[in-house]
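# I would like the atomic coordinates for the input below:
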Amino acid sequence: MLDTLLFLVADGITNGAVYGLLALSLIVIYTVTRVVNIAQGEYVTLGALSFASALSGTFSVLSALVAAGLAAFALRDVAEQRLTGTMRMRIVLSRALWILIVLATAWLANLLPGSYWLAVLASLVATASLGTLIYRLTVEPVSDASPIVLLIVSVGVYMVLHGTAVVIWGAEPRSVPPAVDGGVGLGPVFVTYQSLWICASSLVAMIALYLFSERTLTGQALQATAVNRTGAQLCGIPVSIAGQLSFAIGAGFSALSGLLLAPLITANYDMGLPIGLKGFVAAALGGIVEYPTALVGVLLVGLTESFSAYQVSAYRDVVVYLMVIPILLWRNAVRPPETHGH
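Next comes the predicted model:
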């Protein structure tokens, strides 16, 4: 009995580590742009599938599409803005370098199939860059709209990204080898190295995000935009750049969770939505604005999923999704009285 309990706890912590990256992605995007991003789980799918393609030595169609999108926006920026020759050249060079990085990482991963770190890099670069394109194409034109409009936009983005994944990779699942084979016995429980790798990678990513937010000017600018968008704009912080950066961070973190999880469940076009919804349940515990409370939420979600899979495996997802009801009731109860009804 104790062995089973410890196994379920270890499995729940591993799941929670993955959902933690999703929850942080949702919070970063929501606090900066006010978008409850329903499409967040699709970056998990794209990250996992592009990672599988890169490992197999197949050139990433996603990287080519992202490079084309970056080139199109670069041409539009140069054509629409009234810039001096120096500024125009600076934009052209910066965009050209960005496109070169996207294509170079994909080409190197294609040239050296089986290289784990090159595949990780190619997947993260392509997916994070896609996040900036999605922001510019769908959110930026309606950035001043009501939250419900932004939510509907994110639903449309979900449909497009979901269909894109099917068109590029098909409906067949793709197996992904673990970063490290084998495992280690922790007392009576055998834990795979992949599970330990997931927990360690998630922890490092979360610490990196904290240091970026607290110790860099760019991170502090993002925080300022999250606290007061109008005030940040008056202080000279470009909110458009802040929005692009938040979407890049969110997409990158989600892609990381996808490629970490893929060896455990296989990569397929339909994996993103359920994982994204579980990340949302965890983020909801913190009102989609509080990082520490959301981290408590991911452990709660991970453990609930693990134990419910053991007891009622057919309904484990339902049990997790139903958690959002008591969470929202609790959030409503603990809000300050003056905020009720607003």
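# tell me what the helix or strand harbouring R316 is packed against?
Assigned by DSSP states H and E, R316 falls within helix 316-322. Taking 3 or more CB pairs under 8 Å, 6 or more residues apart in numbering; DSSP states H and E as contact, the helices and strands that helix 316-322 lies on are helix 272-284, helix 291-311. All C-beta spots, glycine's among them, are computed from the backbone N, C-alpha and C.
# columns mean pLDDT on top of the ones you listed, output as JSON lines?
Converted to JSON lines, those look like this (pLDDT from 0 to 100):
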{"stretch": "helix 272-284", "mean pLDDT": "90"}
{"stretch": "helix 291-311", "mean pLDDT": "87"}
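# tell me which of the ones you listed is the most buried.
Mean neighbours per residue, mean count of other CB atoms under 10 Å, is largest over the helices and strands packed on helix 316-322 for helix 272-284, with a mean of 25.
# send over that one as PDB, restricted to the C-alpha atoms.
Output of helix 272-284 as PDB, limited to C-alpha atoms (Å, rounded to 0.1, in the frame of the first residue of the first chain):
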ATOM      1  CA  GLY A 272      -2.600  19.900 -26.400                       C
ATOM      2  CA  LEU A 273      -6.100  20.800 -25.300                       C
ATOM      3  CA  PRO A 274      -6.400  18.500 -22.300                       C
ATOM      4  CA  ILE A 275      -3.000  19.500 -21.000                       C
ATOM      5  CA  GLY A 276      -3.800  23.100 -21.600                       C
ATOM      6  CA  LEU A 277      -7.100  22.800 -19.600                       C
ATOM      7  CA  LYS A 278      -5.300  21.200 -16.700                       C
ATOM      8  CA  GLY A 279      -2.800  24.100 -16.700                       C
ATOM      9  CA  PHE A 280      -5.700  26.500 -16.700                       C
ATOM     10  CA  VAL A 281      -7.300  24.700 -13.600                       C
ATOM     11  CA  ALA A 282      -4.000  25.100 -11.800                       C
ATOM     12  CA  ALA A 283      -3.600  28.800 -12.900                       C
ATOM     13  CA  ALA A 284      -7.200  29.500 -11.800                       C
END
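# distance from the chain centre to that helix, please.
Distance, stretch centre to chain centre, for helix 272-284: 11 Å (CA atoms, centre = their mean, to the nearest Å).
# also stretch 307-322?
The answer for stretch 307-322 is 24 Å, by CA atoms, centre = their mean.
# let's see the distance spanning it from one end to the other.
15 Å (CA to CA, to the nearest Å).
# which residues touch that stretch?
The contact list for stretch 307-322, computed with CB atoms under 8 Å, 6 or more residues apart in numbering, reads T4, L8, G12, P274, L277, K278, V281, V301, T304, E305.
# for the longest helix anywhere in the chain, buried residues please.
In the chain, with assignment by DSSP state H, the single longest helix is helix 2-33. Buried residues in helix 2-33, counted by 16 or more other CB atoms under 10 Å: 7-33.
# again, but for stretch 221-228
Result for stretch 221-228 [16+ other CB under 10 Å]: buried residues A221, L222, A224, T225, A226.
# check stretch 101-116 too.
Those would be I101, V102, L103, T105, A106, A109, N110, S115, Y116, for stretch 101-116 by 16+ other CB under 10 Å.
# next: stretch 251-266.
For stretch 251-266, by 16+ other CB under 10 Å, it's 251-264.
# any idea how far T132 is from S25?
Note on T132: its distance to S25, by CB to CB, to the nearest Å, is 14 Å.
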